[in-house]
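1. Sequence below, structure please.
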Amino acid sequence: MKRLVSLLLFCFIISTGIAQQTNRYTQYTLNNLGMNPAYAGSYPNKVEFMLGRRNQWSGFENAPVSTFFSANYGYRPTAYKGSHGFSAYVEEDKLGAFSQKSAYLGYAYHFRIFNGLNMGFGLMAGIRSFGLSSGIGSPLDPAFNNNKTVVRTYPDLIPGFRLYSKKMFLDISVKQLYVNRIKQGSRQIGTDAKLPPHYYVTYGRKIRTGYTGLMISPSVHVQSSLLSLPQVDVGCMIYYHKRIGIGANCRVNSSVSAIVQVNILKNLVAGFSYDYTTTKFRAAAANTFEFMIGISPVMTSDEKLNRNRVANCPSFDF
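-> You can find the predicted model right below:
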């Protein structure tokens, strides 16, 4: 009975107009590539790897879990006219009886508008699969007796734009640009299940204080499908000597979060966030945990590019 209640709840969440059909991360300024393909190649002659996991509503049976891995490399030709970015992104989501897997390859091109201000355009192309987990439903239910775990596979495109300098950045991207319907052959799954485009806009600044080594980085992240109310995050990080950062995030009408990011080694950064649900759902499961770790192996002898690149607050270290 408990599993049945959980399944019905998740089905209700998915079917509502404000359904979260694309992922949201509290540390959106650390998972840059997951938010915008134009981030790839922002740092020429450098490779980055990022791994993350988000456990939502901890303590609630069959709660959402998201896992991702990303890699990107920036290349700048000797005769500089622009720089190129190459990327790969893999993600898996589990939500009750449902699971989604996606894999993308991307390219981005960056150029200088004028001294101190850069612009980049990127595109990711890949596939997503939608499936059911037979371990949650009853074996007597024919819906879970299908031997195929993947019910539907469909293409996906993610374009992105990035405007950045040493003091600010503006990211704009669109996920699920290729509109799909969740069907199995000629049979539709559930109601008229569409995957509409989701629009992402992120803006942040770097503010140096009068104290040596202290930097404040406020940011705003907005996500919307244009079919429902926009989902807004407002956050702020404080970095000390680019070695440790503490901050907070408010997800409007949803949760409040605490964030800690640490530069463990020269090229290794780890970030942890804890979200506390502020809606009535907190009575069932108020806690969400998110962990990310990034590494940037040294790929060049240039001293300026060897200097703690990943941990220098990635969205601001240009």
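2. going forward, measure contacts between C-alpha atoms and count neighbours the same way
-> OK.
3. Kindly provide the distance from residue 284 to residue 78.
-> The gap separating residue 284 from residue 78 is 57 Å, by CA to CA, to the nearest Å.
4. Show the residue spans covered by the helices in this protein.
-> Using DSSP state H, the helices of the chain run over residues 2-15, 32-35.
5. lowest-confidence stretch among those?
-> Per-stretch averages of pLDDT across these put helix 2-15 at the bottom, with a mean of 39.
6. Compare residue 284 and residue 78 and say which is more crowded by neighbours.
-> The residue with more neighbours, out of residue 284 and residue 78, is residue 284; 12 against 8, by other CA atoms under 10 Å.
7. Let me see the contact set for that one.
-> Residues counted as contacts of residue 284 (CA atoms under 8 Å, 6 or more residues apart in numbering) are residue 60.
8. Phi and psi next, for it.
-> When read as degrees, to the nearest 10, the backbone of residue 284 gives phi -90, psi -40.
9. mind starting the numbering at 580 from now?
-> Will do, 580 is the new start, and the previous item becomes residue 863.
10. and it, how far is that from residue 642?
-> 11 Å.
11. same check, this time on residue 746
-> 38 Å.
12. Kindly report the same for residue 688.
-> Taking CA to CA, one finds residue 688 at 38 Å from residue 642.
13. okay, the two: which has more neighbours?
-> More crowded of residue 688 and residue 642, by other CA under 10 Å: residue 688, with 22 against 19.
14. Leaving out the residues flanking it, which one is nearest to the more buried one?
-> Excluding the flanking residues, the one nearest residue 688 by CA to CA, 6 or more residues apart in numbering is residue 663, at 4.8 Å.
15. Run a quick check on that neighbour versus residue 698, I expect a contact.
-> No. Applying CA atoms under 8 Å as the test, residue 663 and residue 698 come out as separate, 11.8 Å apart.
16. and for those two, which residues touch both?
-> Common neighbours of residue 663 and residue 698 (criterion: CA under 8 Å, 6+ apart): residue 689.
17. can you give me the end-to-end distance of stretch 822-837?
-> Length of stretch 822-837, first residue to last, CA to CA: 17 Å.
18. Report the buried residues of that stretch.
-> Neighbour-count burial for stretch 822-837 flags 822-830, 833-837 (criterion: 16 or more other CA atoms under 10 Å).
19. who's in contact with that stretch?
-> Residues outside stretch 822-837 that contact it (CA under 8 Å, 6+ apart): 605, 810-818, 838-843, 852-858, 890-891.
20. Check stretch 678-695 too.
-> Against stretch 678-695 from outside (CA under 8 Å, 6+ apart): 616-621, 660-673, 697-712, 744-745.
21. Alpha carbons of that stretch, in PDB - could you do that?
-> What follows is stretch 678-695 as a C-alpha-only set of coordinates in PDB (Å, rounded to 0.1, in the frame of the first residue of the first chain):
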ATOM      1  CA  SER A 678      13.400   6.700 -15.100                       C
ATOM      2  CA  GLN A 679      15.000   8.900 -17.700                       C
ATOM      3  CA  LYS A 680      18.500   8.700 -19.200                       C
ATOM      4  CA  SER A 681      20.100  11.200 -21.500                       C
ATOM      5  CA  ALA A 682      23.400  11.500 -23.400                       C
ATOM      6  CA  TYR A 683      24.700  14.500 -25.400                       C
ATOM      7  CA  LEU A 684      27.700  15.700 -27.400                       C
ATOM      8  CA  GLY A 685      28.200  19.500 -27.800                       C
ATOM      9  CA  TYR A 686      30.200  22.200 -29.500                       C
ATOM     10  CA  ALA A 687      30.600  25.900 -28.600                       C
ATOM     11  CA  TYR A 688      32.400  28.800 -30.300                       C
ATOM     12  CA  HIS A 689      33.700  31.800 -28.300                       C
ATOM     13  CA  PHE A 690      34.900  35.100 -29.500                       C
ATOM     14  CA  ARG A 691      35.800  38.500 -28.000                       C
ATOM     15  CA  ILE A 692      33.400  41.400 -28.500                       C
ATOM     16  CA  PHE A 693      35.900  43.900 -27.200                       C
ATOM     17  CA  ASN A 694      38.600  43.800 -24.600                       C
ATOM     18  CA  GLY A 695      37.200  42.300 -21.400                       C
END
